[in-house]
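Engineer: one predicted model, sequence on top.
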Amino acid sequence: MNDFFLCRVQVLFPSSYASTARQVLPFSTTATQLLAQCTATLQAAAAADAQFNQLASGVQLLSRTKSLYSIMRKLLRLQDPAAGSRRLGEMFDLLGLRAVVLPRGDLTAAAAEVAAVEACYRLQELAQQRWAPVPGRTKDYIKSPKPNGYQSLHSTLQLQQQQQQQAGSDQPVVLSYLELQIRT
């Protein structure tokens with residue numbers, strides 16, 4: 001589905017697409033390496049933490065980079081901040097990491113769920129010990145679920161800044177944030 005919409009964006013907004021692609025695509029290797037480092041760091045932190053290991057049987061970490069289509073959607077919201085438009089350097093979610101806390105199998109289902117939820121908060125603490133949270137960019141949808149029942153912890157974390165200035169561009173791509181979502 002994204003391929004279809006990405007093709008439409010290429011046709012409808014060819015210069016915007018070309019400019020964004022020039023800025024984003026060269027960074028894919030750096031983004032992949034940075035996500036691998038973040039994944040390994042958080043996986044090791046969870047494995048080494050006695051409290052986390054008492055609460056959960058482990059964690060599954062899934063990383064992703066924001067797709068060119070999703071980036072274009074945000075950029076093309078007609079520069080309307082109320083509609084969520086952003087400049088490339090203002091996007092907090094170019095890099096994402098989803099953590100799925102695995103419940104313990106030796107507990108009752110109810111006890112395992114309670115422990116796994118507590119493990120979500122512990123994992124968030126472990127992440128925030130490694131990377132500083134961005135003020136105002138943490139949401140607790142476990143304590144306050146969304147109307148559709150969605151429950152997760154969201155944090156935007158400050159990474160060591162990785163940037164690349166493209167020739168002919170006045171806006172570098174900056175990979176300095178990691179969007180972390182933690183759920184059971």
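Structural biologist: Good, I have the coordinates.
Engineer: where does the protein have low pLDDT?
Structural biologist: 1-3, 5-6, 9, 24-26, 76-89, 161-174 (pLDDT under 70).
Engineer: just the helices from it, written as ranges.
Structural biologist: 2-12, 14-24, 28-48, 50-55, 68-75, 109-130 (DSSP state H).
Engineer: need the contact partners of the shortest one.
Structural biologist: Applying Cβ atoms under 8 Å, 6 or more residues apart in numbering, the external contacts of helix 50-55 come out as 46-47, 59, 104, 115-116, 118-119, 122-123, 126. Any C-beta I mention is one placed from the backbone N, CA and C, and that applies to glycine too.
Engineer: bridging residues for the residue nearest the centre of the chain?
Structural biologist: Nearest residue to the geometric centre of the chain (Cα atoms, centre = their mean): residue 96, 2.2 Å. Applying DSSP bridges to residue 96 gives these bridge partners: residue 64, residue 179.
Engineer: could you measure from it over to residue 14?
Structural biologist: For residue 96, the distance to residue 14 equals 28 Å [Cβ to Cβ, to the nearest Å].
Engineer: can I get the contacts of helix 50-55 in CSV with neighbour count and distance to residue 38?
Structural biologist: Putting these into CSV (neighbours: other Cβ atoms under 10 Å; distance: Cβ to Cβ, whole Å) gives the following:
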residue, neighbour count, distance to residue 38
46, 21, 13
47, 11, 15
59, 21, 13
104, 18, 25
115, 18, 25
116, 21, 22
118, 16, 23
119, 28, 19
122, 19, 18
123, 24, 13
126, 20, 12
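Engineer: any chance of the residues you listed in CSV, plus distance to residue 67?
Structural biologist: Formatted as CSV, the contacts of helix 50-55 follow (distance: Cβ to Cβ, whole Å):
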residue, distance to residue 67
46, 27
47, 30
59, 24
104, 35
115, 35
116, 30
118, 33
119, 30
122, 31
123, 26
126, 28
